[in-house]
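Q: need a structure here:
(one chain, ligands or ions: 1)
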Amino acid sequence: MNKNATSQKDKKNTKKVVILISGRGSNMLSLIKAAEHKDFPAKIVGVISSNPDATGLEIAKTHGIKTAINDLKTFSNKAKADLELMKVLQSWQAQIICLAGFMRILGDDFTKQWHKKTINIHPSLLPKYKGLNTHQRALDAGDKTHGCTVHFVISELDAGAIIVQSEVDILPDDDAETLARRVLMAEHILYPKVLAKLAAE
Ligand code: GRF
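A: All right, here's what the predicted structure looks like:
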C-alpha cells in the first residue's frame, strides 16, 4: 500500500459497495484497488460470487474483504436465490452494488429494490452486442470501433440505462483475444471512475 492507500475498514463516511462476481474478478480488483485510495468516496464491504470456485473470491480475501457465495444450484428457484442475496446485502448495509462478470440475470423484485443503485460493466458499446462473445461479434460485423459500457441494471439482460462508454479502436489484425485484452484495459479504467461518481452523488 502506498501513502495514499488506506484499509477499507478504516474508511468512514463513504458509500458501502458490494461487488458481485462469477469468475476471475479483474474488474472487481480494479474497483478494490481504486477504493483503497484514501480519497475514493466508496469502500468495498464485500464480494459475493455466484460460483463457489471463482478465482476472484481468493483475490478478494487477500485484500481483507469478506466474501459470500450465492450459487443458484443450491436454491430451488431464482427468486429464492435473489431473496438470499438481498438478505446478505442488507446485513452488509450495502448502498451500491457493482456487477463485475456476474453471470446471472437478477429478477424484477431485486432490480426494482436496487433501482439506480446497481451497475454493471459490459464489454461492448451497448445497445450493440448484448450477451456473450461480444468481441467476435464486433469483428464479424466489420466494426471499426468497439468498447465497453457501464449501465444501470434492470431485469432485462444488458438493457438498463447507459451511464457511460469507453471506445476502443479495432485494429486490422485484431482477433477476439487481442481485442478483448484492450477492451478489458479500458474496463479497468472506466469502472472505478463511474463508481466514484455514483458514490459521490
Ligand atoms: C468483463 O469483460 C466484463 O465486462 C463482463 O464480464 C467480464 C468479467 O471479467 N461483464 P472479470 O471477471 O472482471 O475479469
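Q: Now do the host helix or strand of Leu198: everything it contacts.
A: Assigning secondary structure by DSSP states H and E places Leu198 in helix 176-200. Helix 176-200 is contacted by residues 14-15, 17, 26-27, 30-31, 33-35, 40-42, 96, 98, 100, 119, 121, 123, 133, 135-136, 138-139, 146-148, 150, 163-164, 166, 168, 170-171 when judged by Cβ atoms under 8 Å, 6 or more residues apart in numbering. Quick note: C-beta positions are derived from backbone N, CA and C, even for glycine.
Q: which element is Ala34 on?
A: Going by DSSP H and E, Ala34 is in helix 26-35.
Q: and the residue of the chain found nearest the ligand, what does it touch?
A: In the chain, the residue found nearest to the ligand is Gly101; the distance is 2.7 Å by Cβ to the nearest ligand atom. By Cβ under 8 Å, 6+ apart, the contact set of Gly101 is Ile21, Ser22, Gly23, Arg24, Gly25, Asn27, Met28, Gly56.
Q: rerun that using 6 Å as the cut-off
A: Ile21, Ser22, Gly23 (Cβ atoms under 6 Å, 6 or more residues apart in numbering).
Q: Check Ala54 too.
A: Ile21, Ser22, Gly23.
Q: Could I get the phi/psi values of the second one?
A: According to degrees, to the nearest 10, the main-chain angles of Ser22 amount to phi -140, psi -10.
Q: Which residue is the nearest non-sequential neighbour of it?
A: Leaving out its chain neighbours, the residue that sits closest to Ser22 by Cβ to Cβ, 6 or more residues apart in numbering is Met103, at 4.0 Å.
Q: would the one you found count as being in a helix?
A: No. Counting by DSSP: H, G, I helix; E, B strand; the rest coil, Met103 falls outside a helix, being coil.
Q: Enumerate the residues of the protein near the ligand.
A: By Cβ under 6 Å from any ligand atom, the part of the chain that sits against the ligand consists of 21, 23-28, 100-101, 121-123, 148, 184, 187.
Q: Tell me which residues touch the residue nearest to the spatial centre of the chain, please.
A: Centroid check for the chain by Cα atoms, centre = their mean gives Ala100 as the closest residue, at 2.4 Å. By Cβ under 6 Å, 6+ apart, the contact set of Ala100 is Ile19, Ile21, Asn27, Met28.
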